[in-house]
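Trainee: pasting the sequence and the predicted coordinates here, then a few questions.
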Amino acid sequence: MAKPKYTSHVGMVDILPDESPKWRALEEIIHEEAAKFNFEEIRTPIMEQTELIVRGIGQLTDIVSKEIFAFEKGDSHYVLRPELTAPVVRSYVEHHLDQRGGSQKLYYIGPMFRAEKPQKGRQRQFHQFGAEVIGSDDPVADVEIIALMMRVYERIGITNFELKLNSVGDPESREAYKEALRDYLRPNLDKMSDVSQERFEKNPMRILDSKEEQDQAFIEDAPVISDYLNEESQQHFTLVKEYLDDLGIDYTLDPHLVRGMDYYTRTAFELTSPDLGSQDALAGGGRYDLLVEEIGGQPTPAVGFAAGMERLMIACEELDISLADEKSVDVYFVTLGDAARKFALTHLPKVREAGLSATMDYKGRSMKAQMKDADRENARYAIIIGDNELAEGKYSLRNMKASEEDSLTFEKILSKLAGV
Ligand code: AMP
């Protein structure tokens, strides 16, 4: 085939008609499960002010230093949203959602944009679903967030995953830990990767996140944050673990799990799947008690997760899970002649009003070609109409699978179809 004149941008993919049913099915599951947990949907703009994203995530994280799509128009600085926690918090603060009372339990589904190098499971436009509880520091909120995230995978049938759990403490615990970490790493710093050296002063905890081969030996025996948690953080973490145990949710403690964003506090978690290859993170999240204030609101504790939908789709493929039924249409009108075509066109609405899907040929094709098309469309029934049928007022209703035909009035056809 000739090379197309236009293509989508690298790392930005079309969701084609064959694939959209499974996306819709997934979205439906997310809406349903979120509703069961009594979360409300929030939809925010695709673009945000650059400053919101930069301040919200912190200067040093990968997202800000290299992965953001940003541009200017007039005096405004726009970014395509790379994630939704900061935008949701922006919306919470801007619209005083705290005044609705209670904790705000919000969820979202939508596209995110990161200028990363595309590979399997990593795109420049990708989709996330996620949820946030804003206004509670109760470990119950952490655990409900994790439970909602897990529930979506469970419902789909993806159960082959690992939930990694850590506490990154509060600022006080973290200062003590960062000091200890720097003391431990300092003697070998010159042997470590450039990225890690860069992170050493401002954000040494992110060194633990390094994927660089040369860093691994030094990371392995590094001090762990759990030894540096103050009493409050420790108590919180103990309860999170206890409640997860109560719910029968398995987890692995991973003392090296630190999240990419600087505003995370205390609980951090990540869901990984062995079915995903190198990009094995299905979802991740944690507590971010410092973000609301950073964005201009009152100090407000919060916790949330974000899950990658493309990765979920890849896991489904690996596990042979189909989210949506094969495409089909209930009724295909097969016609011969202009009068029959007109009959079909004016009777399509009646079938649709009865709650069924219905279509007809748009190309004036032969009856044989229309039957073939009905097969291709996976039609359950064909209503076959020619001059004789019109004169008689009875039409052939063909059950495509059983290859059976009945000659019936249109009213009889409708009542028969309504009953199946
Ligand atoms: P993060 O906001 O980085 O914690 O990402 C949350 C989840 O989104 C990850 O666990 C992935 O499943 C997914 N994700 C992140 N970045 C990408 C990307 N570039 N392409 C596809 N999925 C992604």
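Mentor: Arrived safely, thanks for sending. Numbering: from 1, shown residues only.
Trainee: C-alpha only now, for contacts and for neighbours.
Mentor: OK.
Trainee: got the buried residues for stretch 181-191?
Mentor: For stretch 181-191, the neighbour count (16 or more other C-alpha atoms under 10 Å) marks Leu181, Arg182, Tyr184, Leu185, Leu189 as buried.
Trainee: out of those residues, list just those in helices.
Mentor: Leu181, Arg182, Tyr184, Leu185 (DSSP state H).
Trainee: looking at those, which one is closest to the ligand?
Mentor: When those are compared for distance to the ligand (C-alpha to the nearest ligand atom), Leu181 wins out at 23.4 Å.
Trainee: next one: phi and psi at the closest residue to the closest one other than its chain neighbours?
Mentor: Spatial nearest neighbour of Leu181, excluding adjacent residues (C-alpha to C-alpha, 6 or more residues apart in numbering): Pro223 at 6.2 Å. Torsion angles at Pro223 (phi, psi; degrees, to the nearest 10) stand at phi -60, psi 150.
Trainee: strand partners (parallel or antiparallel) of the helix or strand containing Arg266?
Mentor: Arg266 is located in strand 265-272, with elements delineated by DSSP states H and E. Strand pairing for strand 265-272, determined by DSSP bridges: strand 162-167 (antiparallel), strand 281-287 (antiparallel).
Trainee: give me the phi and psi for the residue in the stretch 1-150 of the chain positioned nearest to the ligand.
Mentor: Relative to the ligand, the nearest point of the stretch 1-150 of the chain is Arg122 (3.3 Å; C-alpha to the nearest ligand atom). Dihedral pair for Arg122: phi -140, psi 110, per degrees, to the nearest 10.
Trainee: same check, this time on Ser407
Mentor: Note on Ser407: backbone dihedrals following degrees, to the nearest 10 are phi -100, psi 120.
Trainee: who does it bridge with?
Mentor: Beta-bridge pairing for Ser407 (DSSP bridges): Ser396.
Trainee: my guess is it meets Tyr395, correct?
Mentor: Yes. Judged on C-alpha atoms under 8 Å, Ser407 makes contact with Tyr395 at a distance of 5.3 Å.
Trainee: so which of those two has more stuff around it?
Mentor: Tyr395 (22 against 16; other C-alpha atoms under 10 Å).
Trainee: I'd say the more buried one and Ile385 touch.
Mentor: Yes. Between Tyr395 and Ile385 there is a contact under C-alpha under 8 Å: 5.8 Å.
Trainee: what does the stretch 101-250 of the chain put close to the ligand?
Mentor: Contact residues, the stretch 101-250 of the chain versus the ligand (C-alpha under 6 Å from any ligand atom): Arg114, Gly121, Arg122, Gln123, Arg124, Phe126, Gln128.
Trainee: check what pLDDT the second one gets.
Mentor: At Gly121 the predicted local confidence, pLDDT, stands at 91.
Trainee: circling back to that earlier point, for the ones in helices among the buried residues of stretch 181-191, which one is nearest Thr159?
Mentor: Using C-alpha to C-alpha, Leu181 comes nearest to Thr159 of those, at 35.2 Å.
Trainee: how would you label Thr300: helix, strand or coil?
Mentor: Recorded secondary structure, Thr300: coil (DSSP: H, G, I helix; E, B strand; the rest coil).
Trainee: now do the contacts for the residue nearest to it when sequence neighbours are not counted.
Mentor: Distances taken as C-alpha to C-alpha, 6+ apart place Gly135 nearest to Thr300, at 5.4 Å, with adjacent residues excluded. Gly135 sits next to Asp98, Gly102, Ser103, Gln104, Thr300, Pro301, Ala302 when contact means C-alpha atoms under 8 Å, 6 or more residues apart in numbering.
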